[in-house]
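1. I would like to see how this sequence folds:
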Amino acid sequence: MKAVVQRVSSCRVTIDGELHSEIGAGLLVLLGIAKGDGEPEISYTADKVLNLRIFPDDEGRMNLSVADISGEIMVVSQFTLLGDTRKGRRPSFVDAEDPGRAEPLYEEFAARLAASGLEVKTGVFGAMMTVSIENEGPVTLIL
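-> This is a model prediction of the structure:
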């Protein structure tokens, strides 16, 4: 499992020009499910996302988590995170999980985050989406 986590002031997902979902201050999580991923990876990554201390405290130091600030989270499926570009010019996606198995894992990941009590929005698994963000900082981490 790979996740790109970005601290955002706002984020929105549009599909075919129509607004699907949006959040205010919080995190955008681009999530790639790898072959063989399961409960341990979901649990670890969800816990890490919820507890990353990447928001500023009163002194401007990155000491607060998304839970500490009661932020929102946008989760967007992105199998291209599993792209292998070591050979040739076209990425290979052989390490990405089959969509039929990846979709329920993606949904479970979002549900695990939502169980924290925070507002969690998602894109649409497998859809062509436009993701607009205001990356704050900028802060971007790869898990």
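2. hey, where'd the strands end up in this structure?
-> Here the chain has its strands, by DSSP state E, at 2-15, 18-23, 26-32, 55-56, 62-64, 72-77, 120-122, 130-142.
3. export the ones you listed as JSON lines, with columns for mean neighbour count.
-> For the C-beta atoms, the positions are set from N, CA and C on the backbone; glycine is no exception. Below are the strands of the chain laid out as JSON lines (neighbours: other Cβ atoms under 10 Å):
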{"stretch": "strand 2-15", "mean neighbour count": "20"}
{"stretch": "strand 18-23", "mean neighbour count": "15"}
{"stretch": "strand 26-32", "mean neighbour count": "25"}
{"stretch": "strand 55-56", "mean neighbour count": "19"}
{"stretch": "strand 62-64", "mean neighbour count": "14"}
{"stretch": "strand 72-77", "mean neighbour count": "25"}
{"stretch": "strand 120-122", "mean neighbour count": "21"}
{"stretch": "strand 130-142", "mean neighbour count": "14"}
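4. Gly83 is nearest to which of the ones you listed?
-> Gly83 lies closest to strand 26-32 among the strands of the chain, at 8.7 Å (Cβ to Cβ).
5. who touches the nearest residue to Arg12 once chain neighbours are set aside in this structure?
-> Sequence neighbours aside, Glu22 is the residue nearest to Arg12 in space, at 3.8 Å (criterion: Cβ to Cβ, 6 or more residues apart in numbering). If you count contacts by Cβ atoms under 8 Å, 6 or more residues apart in numbering, Glu22 has them with 10-13, 74, 121.
6. count of neighbours near the residue lying closest to Glu107 once chain neighbours are set aside?
-> Spatial nearest neighbour of Glu107, excluding adjacent residues (Cβ to Cβ, 6+ apart): Phe125 at 7.5 Å. Neighbours of Phe125 under the rule other Cβ atoms under 10 Å: 18.
7. might one say that Phe125 is in contact with Leu105?
-> No - under the criterion of Cβ atoms under 8 Å, Phe125 makes no contact with Leu105, lying 10.0 Å away.
8. circling back to that earlier point, take the strands of the chain and write them to JSON lines, including mean pLDDT.
-> Listed next are the strands of the chain as JSON lines, based on pLDDT from 0 to 100:
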{"stretch": "strand 2-15", "mean pLDDT": "98"}
{"stretch": "strand 18-23", "mean pLDDT": "98"}
{"stretch": "strand 26-32", "mean pLDDT": "98"}
{"stretch": "strand 55-56", "mean pLDDT": "97"}
{"stretch": "strand 62-64", "mean pLDDT": "97"}
{"stretch": "strand 72-77", "mean pLDDT": "98"}
{"stretch": "strand 120-122", "mean pLDDT": "98"}
{"stretch": "strand 130-142", "mean pLDDT": "96"}
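9. I am finished for the moment; much appreciated.
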